[in-house]
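*Asks:* Task: produce atomic coordinates for the following.
(one chain, ligands or ions: 2)
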Amino acid sequence: MLRIGITGGIGSGKSVACRLFQVLGVPVYDADFRAKWVMAHDSALRAELEQAFGPEAFDAAGVLNRGYLAKVAFNDPAQLARLNALVHPHVGRDFEQWAEAQQQQGHPYLIKEAALLFESGSYRQLDRIITVFAPLPVRQARVLLRDPHRTADDILAIVGKQMSEEEKLSRADYVLHNDDQHLLIPQVLKLDAAFRQAH
Ligand SMILES: CC(C)(COP(=O)(O)OP(=O)(O)OC[C@H]1O[C@@H](n2cnc3c(N)ncnc32)[C@H](O)[C@@H]1O)[C@@H](O)C(=O)NCCC(=O)NCCS
Ligand SMILES: Nc1ncnc2c1ncn2[C@@H]1O[C@H](COP(=O)(O)OP(=O)(O)OP(=O)(O)O)[C@@H](O)[C@H]1O
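*Replies:* Ligands and ions are numbered 1, 2, ... in the order given. Have a look, this model is predicted:
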C-alpha cells in the first residue's frame with residue numbers, strides 16, 4: 001500500500017485537495033487535526049504542555065487554548081520548537097497506528113496531510129510527496145477569508161516559520177498547482193490514476 005504525503009504552505013489548499021481524494025475513496029490522515037486531538041486527549045502530553053507553557057495552555061473547561069498557544073509559539077522560535085518537539089512524536093505514532101489499520105482494508109493507497117511534512121521529518125514515513133502550491137498573495141487572501149481572527153501579519157509570521165515554497169517544491173515528487181490559473185480536479189484525477197496503477 002503506497003503512503004502519499006501532501007504538504008504545502010498555509011492556505012495553499014492541502015485540505016481542499018485532500019477532500020477531493022476522499023471523494024475518490026482514499027483514506028486521508030489529517031495531521032493538524034490529529035495533533036490537536038492528541039494534545040487534548042493524551043494525559044501525559046497534556047501534563048507536558050502545561051509544564052512547558054503554563055496552565056493557560058488549557059482553559060477552565062480543560063479545552064486546548066489554541067489562541068494562546070498560537071500567540072506564544074508563532075511569535076517565538078524557541079517556544080515553537082518546544083511545542084513541535086512535544087507534539088510531533090505523538091502524531092508520528094498515531095499515524096503509524098492509523099496507517100496499519102488502513103492496510104487491513106485493502107485500499108491501494110493512503111494520504112497523510114501535514115503542513116510540516118518535511119520540517120517534522122515525517123516525510124520519512126511516506127513513499128511519495130505531493131506539494132500543493134499557490135502564490136503567497138493568493139494564500140493570504142484565502143486565509144483571511146477562511147480565518148477571520150487572523151491578520152495579514154499573523155499569516156506572514158506563520159509563513160516565516162515554515163520551509164520556503166521553493167524548497168518544498170524541489171523536494172516534492174509531484175506538484176498540485178492550486179492558483180487561480182490551473183484547475184485542481186483534473187490534476188487530482190491524474191495523480192489518483194497513477195497511484196492506483198502503481199499499486
Ligand atoms: C499552535 C496551534 C495550537 C494553533 O492552532 P490554530 O487553530 O490557531 O492554528 P492552526 O492549527 O489552524 O494553524 C494555522 C496554520 O499554521 C501552520 N502551522 C501549524 N502548526 C505549525 C507549526 N508547528 N509550525 C509552523 N506552522 C504551523 C499551518 O499551516 C496551519 O494550518 C496549532 O497550530 C498547533 O498545535 N501546532 C503544533 C502542532 C503542529 O505542528 N501541527 C502541524 C503539523 S502536525
Ligand atoms: N482553488 C481554490 N479556489 C478558491 N478557494 C480555494 C481554492 N483552494 C482552496 N481554497 C480556499 O482557500 C482556503 C485555504 O485552503 P485550505 O484550507 O485547503 O488550505 P491548507 O493548505 O489546508 O491550509 P492550512 O495550512 O492553513 O491548513 C480555504 O478556505 C479553501 O476553501
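
*Asks:* How about the secondary structure of the residue located most distally from the centre of the chain?
*Replies:* The outermost residue of the chain, judged by C-alpha distance from the chain's mean C-alpha position using Cα atoms, centre = their mean, is residue 60 at 27.8 Å. For residue 60, the assignment made with DSSP: H, G, I helix; E, B strand; the rest coil gives coil.

*Asks:* From ligand 2, how far off is it?
*Replies:* In this structure, residue 60 lies at 28 Å from ligand 2, with Cβ to the nearest ligand atom, to the nearest Å as the measure. Yep, even glycine has a C-beta here, placed from its N, CA and C like the rest.

*Asks:* Under the pLDDT cut-off, which ranges of this structure? List them.
*Replies:* Counting by pLDDT under 70, not a single residue of the chain qualifies.

*Asks:* Tell me which residue is most central in it.
*Replies:* residue 114 (2.1 Å).

*Asks:* contacting residues around that one?
*Replies:* By Cβ atoms under 8 Å, 6 or more residues apart in numbering, the contact list for residue 114 reads 5, 6, 7, 31, 32, 91, 120, 122.

*Asks:* Quick check: bridge partners of the closest residue to residue 30 other than its chain neighbours?
*Replies:* Computed as Cβ to Cβ, 6 or more residues apart in numbering, the closest residue to residue 30 that is not its neighbour in sequence is residue 113, at 5.3 Å. Beta-bridge pairing of residue 113 under DSSP bridges involves residue 6, residue 30.
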